[in-house]
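Engineer: This is a predicted model, with the sequence first.
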Amino acid sequence: MSKPVLGLILGAILGVFDGLTALLEPDIANNPEVGAAMTGIIAGSSVKGLLAGLLIGFFARKVKSLKSGLIFGGVVGLVLAFIIAAMPDPSGKHYWLQIMIPGTIVGIILGYVTQKYGKEPKPATAN
């Protein structure tokens with residue numbers, strides 16, 4: 001499987017788990033409207049994971065370095081998570097660490113997997 005496709009698929013899957021970490025936050029878990037909130041959180045995290053996976057997968061295709069892949073993945077995950085964390089909830093509260101830590105971990109995992117297990121594109125053959 002190509003590195004960008006692997007990043008897309010794994011990013012979507014890890015995005016779901018990233019969103020589920022919101023259940024660990026007492027403010028969200030004790031909220032009576034948790035169902036509607038969780039649906040949006042999980043959907044948003046999946047989209048964030050898709051985007052991160054695509055970016056990291058294309059980076060892994062161009063740069064053949066596990067160290068660089070881990071660093072780039074972590075930075076992409078952190079930046080995307082920062083953008084989401086900058087948006088407050090309806091009460092005006094921000095969840096900086098609760099969003100940025102799992103987002104960074106997802107980026108690092110994506111960086112590792114795309115570098116280690118993604119396939120290189122086959123060179124074009126001249127006929």
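Structural biologist: Arrived safely, thanks for sending.
Engineer: What's the local residue count around Ile84?
Structural biologist: Burial of Ile84 is recorded as 17 neighbouring residues (other C-beta atoms under 10 Å). C-beta coordinates here come from the backbone N, C-alpha and C atoms, glycine included.
Engineer: ok, now Pro121?
Structural biologist: Pro121 has 10 neighbouring residues, counting by other C-beta under 10 Å.
Engineer: how about it, secondary structure?
Structural biologist: Here Pro121 is recorded as coil under DSSP: H, G, I helix; E, B strand; the rest coil.
Engineer: Now it: closest residue in space that isn't a chain neighbour?
Structural biologist: Ser2 (6.4 Å; C-beta to C-beta, 6 or more residues apart in numbering).
Engineer: Next, name the residue at the spatial heart of this structure.
Structural biologist: Nearest residue to the geometric centre of the chain (C-alpha atoms, centre = their mean): Gly49, 3.2 Å.
Engineer: quick one: that one and Gly15 touch, right?
Structural biologist: Yes - shown here, Gly49 and Gly15 form a contact pair, counting by C-beta atoms under 8 Å, at 2.5 Å.
Engineer: so what sits against both of the two?
Structural biologist: Val106 (C-beta atoms under 8 Å, 6 or more residues apart in numbering).
Engineer: Compute the distance between the residue nearest to the centre of the chain and Pro121, please.
Structural biologist: Gly49 sits 23 Å away from Pro121, going by C-beta to C-beta, to the nearest Å.
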